[in-house]
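In: I'll drop the sequence and a predicted model, then ask my questions.
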Amino acid sequence: MNVTAGPSASLRPQLRRISAIGFDWRAEVSLKETLALLGGKTTDRWQYTEDLVADVLVYDAGNALAQAVVRRQIASGHPCICIPSTGDAGDELVLRYPFGATRLIRCLDYASTRLTGQSAATGDGSDSVCQRLDVAMRTPGAEALVLRSGNHEGLLWVASQRIAWPVSLDLDECARILAGDVEIEVLHRGDAKLKSTAAGAALQSAEPLLWAIGIARSGGHPLRRLPAGQRYRLRRWPDFGVIGRRSADLRCAALLMQRALSGTELASFSGLPIGVVQVFLNAAALCGVLVADAERVVMPARGAASGRSPFGSVLHRIRSAFAMTSAA
């Protein structure tokens, strides 16, 4: 287990956050479901977050991006307990999929002990990095964006989605950006910073970074500009970059290359949780490969609000009709 934590202090229970990276979506669902069963059984109260800013980060030890993010978390010094999915046979503080309640309780209580005196990781109420970046890129007249992450600063050209960054956006650099905060400044035509920012840095495609931000830094929420009932399609295959060709993303991309679907329809056709579909749509929209089907908007079915499927509503009407006939 990798740990970055501070000194001890109060033992008052806190609401803390746990996240996961590098796993298949099924493992994330398993972690969420197991966590929901632990009410009152742990030292602190825990909730799952889709963001990487958390008190505990469970990671797939065999995933290269997850390993890079953990390295960056440790180097940053932020109080975070990083728990791997594999380890020595005698290592009690390992979370293997499928996640068992007993082992999860043990790991979370250990984390509470190591994090004693540290404030719980909480969102500050502001928009996610993905949402802020999307708004900035769509600002009227925006020529480019200044992106600041740690001691690195670069220039993202909005129209071409090319980025001038002081180093190569390889696995470790993308992990560093994903694990920290990103400051965003909008520049318009004629701004002096267009020439001075990242001067001399070679241009590279921004799509792999944008895709990673859409997947990993959406905060569990769909972009505000993506209406729930709107149908979408892909205008081309995305560049998955450092995130890799995950099975869920491949499934969604293949379906949206064939036809326009709403988020709910995509979840139904793919068999994926709606949360997984939402971050896929966020990433595709941020990269500019998501196209709205303006002529067809899906209206929520009347039976959806009550939790009944359309098929169930038909059966209900048939039964009602038979009951009326019998009564006559």
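Out: Ah, there it is. Numbers count the residues shown, from 1 in each chain.
In: quick one: terminal-to-terminal distance for stretch 132-148?
Out: 13 Å (Cα to Cα, to the nearest Å).
In: Would you indicate which residues of it are buried?
Out: Using 16 or more other Cβ atoms under 10 Å as the test for burial, stretch 132-148 gives 132, 133, 134, 135, 136, 137, 142, 143, 144, 145, 146, 147. (C-beta placed from N, C-alpha, C; glycine too.)
In: And for stretch 201-212?
Out: In stretch 201-212, counting by 16+ other Cβ under 10 Å, buried: 201, 206, 207, 208, 209, 210, 211, 212.
In: now stretch 104-111
Out: In stretch 104-111, counting by 16+ other Cβ under 10 Å, buried: 104, 105, 107, 108, 110, 111.
In: by contact count, what packs against the one helix or strand the third one maps to?
Out: The one in question is residue 107. Under the criterion of DSSP states H and E, residue 107 resides in helix 101-114. Judged by 3 or more Cβ pairs under 8 Å, 6 or more residues apart in numbering; DSSP states H and E, helix 101-114 is in contact with strand 15-21, helix 25-36, strand 56-59, strand 80-84.
In: who touches it?
Out: Contacts to helix 101-114, defined as Cβ atoms under 8 Å, 6 or more residues apart in numbering, come from residues 3, 5, 16, 18, 31, 34-35, 37-38, 41-44, 46, 55-56, 81, 83, 92-96.
In: Filter the residues you listed down to the buried ones.
Out: 5, 16, 18, 31, 34-35, 42-44, 46, 55-56, 81, 83, 94-95.
In: I'd like to know which of those is nearest to residue 255.
Out: residue 31 (25.7 Å; Cβ to Cβ).
In: now that closest one, nearest residue through space, not along the chain?
Out: Distance criterion Cβ to Cβ, 6 or more residues apart in numbering; nearest residue to residue 31, sequence neighbours excluded, is residue 99 at 5.2 Å.
In: And that neighbour, what's its pLDDT?
Out: For residue 99, the model assigns a pLDDT of 90.
In: On the three-state scheme, it is what?
Out: coil (DSSP: H, G, I helix; E, B strand; the rest coil).
In: Was I right to think it contacts residue 32?
Out: No. In this structure, residue 99 is not within contact of residue 32 by Cβ atoms under 8 Å, at 9.5 Å.
In: So between the two, which is more surrounded?
Out: Neighbours were counted for residue 99 and for residue 32 using other Cβ atoms under 10 Å; residue 99 has more, 20 against 16.
In: hmm, back to that, now for the buried residues of stretch 201-212: which two are most distant?
Out: Across those (Cβ to Cβ), the longest gap, 20.6 Å, separates 201 and 211.
In: that older thread, with respect to residue 262, which of the buried residues of stretch 104-111 is nearest?
Out: residue 104 (34.5 Å).
In: Can you tell me how far the closest residue to residue 206 other than its chain neighbours is from residue 128?
Out: Nearest in space to residue 206, with sequence neighbours left out and distances taken as Cβ to Cβ, 6+ apart, is residue 163 at 4.0 Å. Distance of residue 163 to residue 128, given as Cβ to Cβ, to the nearest Å: 20 Å.
In: more neighbours, those two?
Out: More neighbours surround residue 163 than the other of residue 163 and residue 128, with 24 against 20 (other Cβ under 10 Å).
In: any idea which element that one lies in?
Out: strand 162-164.
In: Spatially nearest residue to residue 64, not counting backbone neighbours?
Out: Nearest one to residue 64, counting by Cβ to Cβ, 6+ apart, is residue 171 at 5.9 Å.
In: Could you report the pLDDT at the one you found?
Out: pLDDT, read off for residue 171, is 90.
In: pretty sure it contacts residue 69?
Out: No. The criterion here is Cβ under 8 Å, and residue 171 misses it with residue 69 at 9.7 Å.
In: neighbour count winner among those two?
Out: Taking other Cβ under 10 Å, residue 171 and residue 69 do not tie; residue 69 has more neighbours (25 against 16).
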